[in-house]
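Enquirer: Need a 3D model of the following:
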Amino acid sequence: MSKIQSFFKSKKGQRALIIVGFSIIPLILLLVFTYYPFLEMIKFSFYNMRYAGARKFVGFKNYITLFNKREIAGSLVLSLYYMVGAVIQISIALYLATILSMKVRMGGLFKGLIFFPFLINGIAIGFIFKFFYTRGFVLDTVLSWIGFNMETLPYWLKDQAINNWSLVYSSFWKYLGQNMVLFIGAIMSVDAALYEAAELDGANKFQQFRYIILPSIKTIVTLNIILSITGSLSAFEAPYVITSGNNGTGTFFVVMNKIAHTDQKVGLASAMAVFLLVVILICTLIQKLLFKYIFRNANTDDESLKAKKAREKEAKAKLKAIKAEQKALKAAKGGN
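Expert: Numbering: from 1, shown residues only. Below you'll find the predicted structure:
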C-alpha cells in the first residue's frame, strides 16, 4: 500500500493521474453519446417499432425492405449527382488554390470572397437558393436581361431534368471555398526551394504542379475527395430546405428523415442509417486504394521524414551551386 501511495506522490505518478483524469471524461462522453447510441441504432434496425410503443423483432426484414422499396433505392441514385458535382468542385478548388497560392494581385480578396459562403449556415443557403431559383425571381430576371425569353426558361426546381443539378450547385457554391483553403494551406507548406530548382531545370508551371505540388499534397487531396464523396451520400440541407424532397429531389437522408419522423418507422430508418454507413466505409476504402495506386510512384508524405529532408537538402544544394556558378560568371565578365 505504501508503494502505491509513494507512486502517486511521485512526479511520474502525478503525471499519470493527470493523463488519466483528462482522458477519462472525453472517453466517457464519447462512449455515452456516440458509441452507445450507435449500438442502440444497430439493435433498432432489427425491430419493427415506433418512438413509443411495443417493439417487434423482425430480424433482417427491414434490410430486405430497404432494397425492395423503390423510393429508397432511387434516393441513393441521386447521390451520383452530388458526387459528380463534388469531383468538379474539387478540380476547380485545386486550380484556384494553385493560382492563389502564388503572388496574385488582390489574391486575399478573392480568397475571402470564395471562402465566405462556407461561413453561412446551410439552412440560410437553402432559403437563398430557394428564392434564387423561384420562377420569375433572381435567376430568371438576370437571364431575361441578357436576352433569354422568360417563357422558354425551365422551372429550375420542378423540371426533373435539371432540378437536381440546381441543388448540386448550391452545395458546390457553399463548399468550394473550404476545399480551396485546405489546398492553399497544403501548397504553401511545400518547400520553395523545390520550385526554384525546377525552374532552373526548365520546368514550366504545369510540370511544377504535376511533379511537385500534386505529389506533395496527396494526403489533402485524398482527404478532400473522401469528405466530398461521403458528403454527397449524406446530402440533406439543400433538398430538404429548397424543395422538401419533392419532384424527384429526395436524397437518401431526406427519405430517411421522412420514414423516421413522419411515418414513424424507426426500425426501417435505423436500417437505412446502418446501410449508409457501410456504403460510406466501402467508398472510403475504394478511394484510398485508388489513390494509393495513382500515387504509387510519387514522392509523398508516406516517405520517411529523413528521406524527405534529404531530398529537400539536395534540391537546396543544387540551387546554391547554380547560383554560385552564375555569380562566378558575372564576376568573370566584370573582370574582363
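Enquirer: can we go C-alpha only for contacts and neighbour counts from here?
Expert: Will do.
Enquirer: And residue 134, its phi and psi?
Expert: Dihedral pair for residue 134: phi -60, psi 140, per degrees, to the nearest 10.
Enquirer: same thing with residue 56?
Expert: Torsion angles, degrees, to the nearest 10, at residue 56: phi -130, psi 120.
Enquirer: Which strand residues bridge it?
Expert: Per DSSP bridges, residues listed as beta-bridge partners of residue 56: residue 48.
Enquirer: Quick check: the gap between it and residue 90.
Expert: Separation of residue 56 from residue 90 (C-alpha to C-alpha, to the nearest Å) stands at 46 Å.
Enquirer: what do you get for residue 52?
Expert: 44 Å.
Enquirer: Kindly report the same for residue 148.
Expert: 31 Å.
Enquirer: These two: which has the busier surroundings?
Expert: The residue with more neighbours, out of residue 148 and residue 90, is residue 90; 23 against 13, by other C-alpha atoms under 10 Å.
Enquirer: Now do the helices in the stretch 51-200 of the chain.
Expert: Remark: helices assigned in the stretch 51-200 of the chain by DSSP state H, counting those that start in this stretch are 61-68, 70-77, 79-100, 107-119, 122-133, 138-145, 163-188, 192-200.
Enquirer: can I get these in TSV with mean pLDDT?
Expert: Below are the helices of the stretch 51-200 of the chain laid out as TSV (pLDDT from 0 to 100):
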stretch	mean pLDDT
helix 61-68	89
helix 70-77	85
helix 79-100	92
helix 107-119	90
helix 122-133	92
helix 138-145	91
helix 163-188	92
helix 192-200	80
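Enquirer: right, so these: which one is the most enclosed?
Expert: helix 163-188 (a mean of 21; mean count of other C-alpha atoms under 10 Å).
Enquirer: and that one with helix 122-133, angle?
Expert: 130 degrees (axes from the mean of the first three to the mean of the last three C-alpha atoms, to 10 degrees).
Enquirer: For stretch 143-157, list the C-alpha coordinates in CSV.
Expert: Coordinates of each C-alpha in stretch 143-157 appear next as CSV, following Å, rounded to 0.1, in the frame of the first residue of the first chain:
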residue,chain,number,x,y,z
LEU,A,143,-31.3,35.7,-67.8
SER,A,144,-34.0,37.9,-69.2
TRP,A,145,-31.6,40.9,-69.0
ILE,A,146,-29.1,39.2,-71.3
GLY,A,147,-31.7,38.2,-73.9
PHE,A,148,-33.4,35.0,-72.8
ASN,A,149,-37.2,34.8,-73.1
MET,A,150,-38.6,34.0,-69.6
GLU,A,151,-41.4,31.9,-71.1
THR,A,152,-38.9,29.5,-72.6
LEU,A,153,-36.8,29.1,-69.4
PRO,A,154,-37.3,25.9,-67.4
TYR,A,155,-38.7,25.6,-63.9
TRP,A,156,-35.4,25.2,-62.1
LEU,A,157,-36.9,23.3,-59.1
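Enquirer: Buried residues of that stretch, list them for me.
Expert: Buried residues in stretch 143-157, counting neighbours by 16 or more other C-alpha atoms under 10 Å, are found at 155, 156, 157.
Enquirer: How about stretch 243-258?
Expert: 243, 245, 248-258.
Enquirer: if I pick residue 166, what's in contact with it?
Expert: Contact analysis of residue 166 by C-alpha atoms under 8 Å, 6 or more residues apart in numbering lists 156, 157.
Enquirer: cutoff 10 Å now
Expert: 129, 133, 156, 157, 172, 238, 239 (C-alpha atoms under 10 Å, 6 or more residues apart in numbering).
Enquirer: Which member of those is positioned nearest residue 229?
Expert: residue 172 (12.5 Å; C-alpha to C-alpha).
Enquirer: State the distance from that closest one to residue 244.
Expert: For residue 172 relative to residue 244 (C-alpha to C-alpha), the value is 19 Å.
Enquirer: what do you get for residue 74?
Expert: Residue 74 is 16 Å from residue 244, by C-alpha to C-alpha.
Enquirer: Same check on residue 95?
Expert: On the measure of C-alpha to C-alpha, residue 95 and residue 244 end up 34 Å apart.
Enquirer: likewise residue 107?
Expert: Note on residue 107: its distance to residue 244, by C-alpha to C-alpha, is 38 Å.
Enquirer: For residue 250, which non-adjacent residue is closest in space?
Expert: residue 75 (5.9 Å; C-alpha to C-alpha, 6 or more residues apart in numbering).
Enquirer: Distance check, that neighbour against residue 223.
Expert: In terms of C-alpha to C-alpha, residue 75 sits 25 Å off from residue 223.
Enquirer: Might you list the low-confidence residue ranges for the stretch 201-336 of the chain?
Expert: Flagging of the stretch 201-336 of the chain using pLDDT under 70 yields the residue ranges 294-313, 315-316, 318-319, 322-323, 326, 328-336.
Enquirer: Does residue 84 touch residue 225 like I think?
Expert: No. With contact defined as C-alpha atoms under 10 Å, residue 84 does not count as touching residue 225 (11.3 Å).
Enquirer: How many neighbouring residues does residue 242 have?
Expert: 23.
Enquirer: That one should be in a strand, yeah?
Expert: No. Per DSSP: H, G, I helix; E, B strand; the rest coil, residue 242 lies outside any strand segment and is helix.
Enquirer: Nice, that's everything, thank you.
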